[in-house]
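Asker: Below is the structure, and that's it, no one-letter string:
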């Protein structure tokens, strides 16, 4: 996370403008999108642990390369490849967690995975902020004959990924993650299970398109919104961002408890609806503190949905389909969110933020209602535990 906070500033030091930085970001997203189905194929053929190790090693190699290169064309190519390695990791993580976490603790495993990622983002912001205050001349130094201060930070953060790869070498390959099929769920015939699974995937795609449009439309513009609507400085926007990371961690860790109380489908539906209904309150808010609270509530409800939804998806398909469905899920997410950003920028420029916020809220409500209507009648979905004993996972 430190790398991504500092990298764009490093590009500015090299003399690149916002146009090239935008192309770098687009190349990163395209790399993530391009690798989704390749990752599913690799997972099916080479096993979870090996593929995760591959993508982490690739990231550990690509981050230093991105730190050291000065040529614009290579900066873009390296961003594409790094996007692929990060995207491969993201696709691999849900099947890995599902296969290696017992059913009883699986909801907590997904929430902790999301929460730790968000928490590391908050910690990265604190570290970079402290370093900037303690060593402003060193961190802010431009490129010299040697390395700049920012390059040292980038290389140090890259080294942490290499340490993570060394830890992953101690993972032991289970029979299932190596490609052996999990035991069948005996209560449903094979043909019926496959028909239900295909229908589930089609319904899921509709939900994912609507939900990805919702989650990908406003967050990329939140800093611009607070700057233009409330005249907030970079420091004020940074405070909102840091506090939002803390709120998201706490919210994500509450989701397993909420799922136990309401059932997983109702919990996901409730948080989707809450997020969609809270967001339009920004239209009627003229106080920056209150607007910040509205934004934090919207983002917290939204992020609470993600680990539970991912867990629901993995538990709702056949074990041998998890890798492919994870690929499809992230392919949809990356593609739709890229479209959402383009459409949102156009809407803001031509119709303003109020029109955008109402439209986003309608998308969120539509995603929630579609999810609930599709999956409320599915009382339980069969899933295999890490052992060979089949287990059922209650959803409602």
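Answerer: Done, it's in. Quantities reported herein were computed from a predicted structural model and do not represent experimental measurements.
Asker: what residue ranges in the stretch 251-396 of the chain are flagged as low confidence?
Answerer: Scanning the stretch 251-396 of the chain for pLDDT under 70 picks out 378-396.
Asker: can you give me the helices for it?
Answerer: Ranges of helices within the stretch 251-396 of the chain are 264-278, 288-315, 322-351, 353-375, based on DSSP state H, counting those that start in this stretch.
Asker: closest to residue 58 out of the ones you listed?
Answerer: Smallest distance to residue 58 across the helices of the stretch 251-396 of the chain (C-beta to C-beta): 16.6 Å, for helix 322-351. All C-beta atoms are positioned from the backbone trio N, CA, C, and that covers glycine.
Asker: Quick check: buried residues in that closest one?
Answerer: By 16 or more other C-beta atoms under 10 Å, the buried positions in helix 322-351 come out as 322-338, 340-341, 344, 347-348.
Asker: Same question for stretch 110-117.
Answerer: 110, 111, 112, 113, 114, 115.
Asker: Just the closest of these to residue 49, please.
Answerer: Distance to residue 49 across the buried residues of stretch 110-117 (C-beta to C-beta) is lowest for residue 113, with 16.0 Å.
Asker: Please report the distance of the closest one from residue 41.
Answerer: Per C-beta to C-beta, to the nearest Å, residue 113 is found 23 Å from residue 41.
Asker: Kindly report the same for residue 24.
Answerer: For residue 24, the distance to residue 41 equals 27 Å [C-beta to C-beta].
Asker: can you redo the helices of the stretch 251-396 of the chain as TSV with distance to residue 211?
Answerer: Formatted as TSV, the helices of the stretch 251-396 of the chain follow (distance: least, C-beta to C-beta, whole Å):
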stretch	distance to residue 211
helix 264-278	7
helix 288-315	8
helix 322-351	9
helix 353-375	4
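Asker: Nearest to residue 57, out of those helices?
Answerer: Among the helices of the stretch 251-396 of the chain, helix 322-351 sits nearest to residue 57 (C-beta to C-beta), with 19.4 Å.
Asker: Which neighbouring elements make contact with the closest one?
Answerer: For helix 322-351, the elements it packs on are helix 18-34, helix 36-46, helix 72-100, helix 190-217, helix 288-315, helix 353-375, judged by 3 or more C-beta pairs under 8 Å, 6 or more residues apart in numbering; DSSP states H and E.
Asker: out of these, nearest to residue 55?
Answerer: It's helix 72-100; of the helices and strands packed on helix 322-351, that one is closest to residue 55 (C-beta to C-beta) at 3.8 Å.
Asker: burial measure for the nearest residue to residue 376 once chain neighbours are set aside, as a count.
Answerer: Leaving aside its chain neighbours, residue 376 sits nearest to residue 265 (5.9 Å; criterion: C-beta to C-beta, 6 or more residues apart in numbering). Neighbour count for residue 265, taken as other C-beta atoms under 10 Å: 22.
Asker: how near is residue 265 to residue 259?
Answerer: Per C-beta to C-beta, residue 265 is found 9 Å from residue 259.
Asker: Check residue 228 too.
Answerer: Using C-beta to C-beta, residue 228 is found at 38 Å from residue 259.
Asker: Between those two, tell me which one has more neighbours.
Answerer: residue 259 (24 against 12).
Asker: And the helices of the stretch 251-396 of the chain: which comes nearest residue 78?
Answerer: Nearest to residue 78 among the helices of the stretch 251-396 of the chain is helix 322-351; the distance by C-beta to C-beta comes to 18.4 Å.
Asker: show me the contacts for the residue nearest the centre of the chain.
Answerer: The C-alpha lying nearest the average C-alpha coordinate of the chain belongs to residue 90 (C-alpha atoms, centre = their mean; 7.4 Å). Counting by C-beta atoms under 8 Å, 6 or more residues apart in numbering, residue 90 touches 32, 330.
Asker: One more: the one 4 residues further on?
Answerer: By C-beta under 8 Å, 6+ apart, the contact list for residue 94 reads 110, 310, 311, 313, 314, 322, 326, 329.
Asker: Quick check, pLDDT for it.
Answerer: Residue 94 carries a pLDDT value of 85.
Asker: count of neighbours near residue 204?
Answerer: There are 22 residues near residue 204, going by other C-beta under 10 Å.
Asker: thinking it is in contact with residue 314, fair?
Answerer: No. Applying C-beta atoms under 8 Å as the test, residue 204 and residue 314 come out as separate, 11.4 Å apart.
Asker: which of residue 24 and residue 41 has more neighbours?
Answerer: Neighbour totals were compared for residue 24 and residue 41, and residue 24 leads with 23 against 13 (other C-beta under 10 Å).
Asker: Could I get the contacting residues of the residue nearest to residue 336 when sequence neighbours are not counted?
Answerer: Nearest non-adjacent residue to residue 336, counting by C-beta to C-beta, 6+ apart: residue 212, 3.7 Å away. By C-beta under 8 Å, 6+ apart, the residues touching residue 212 are 332, 333, 336, 337, 340.
Asker: And those residues, which two are furthest apart?
Answerer: Across these, no pair lies farther apart than 332 and 340, at 11.7 Å, counting by C-beta to C-beta.
Asker: show me where pLDDT drops low in the stretch 51-200 of the chain?
Answerer: Using pLDDT under 70, the stretch 51-200 of the chain drops low at 114, 117-149, 171-197.
Asker: And the helices in it, which stretches?
Answerer: Ranges of helices in the stretch 51-200 of the chain, per DSSP H, counting those that start in this stretch, are 72-100, 106-134, 136-139, 149-168, 190-217.
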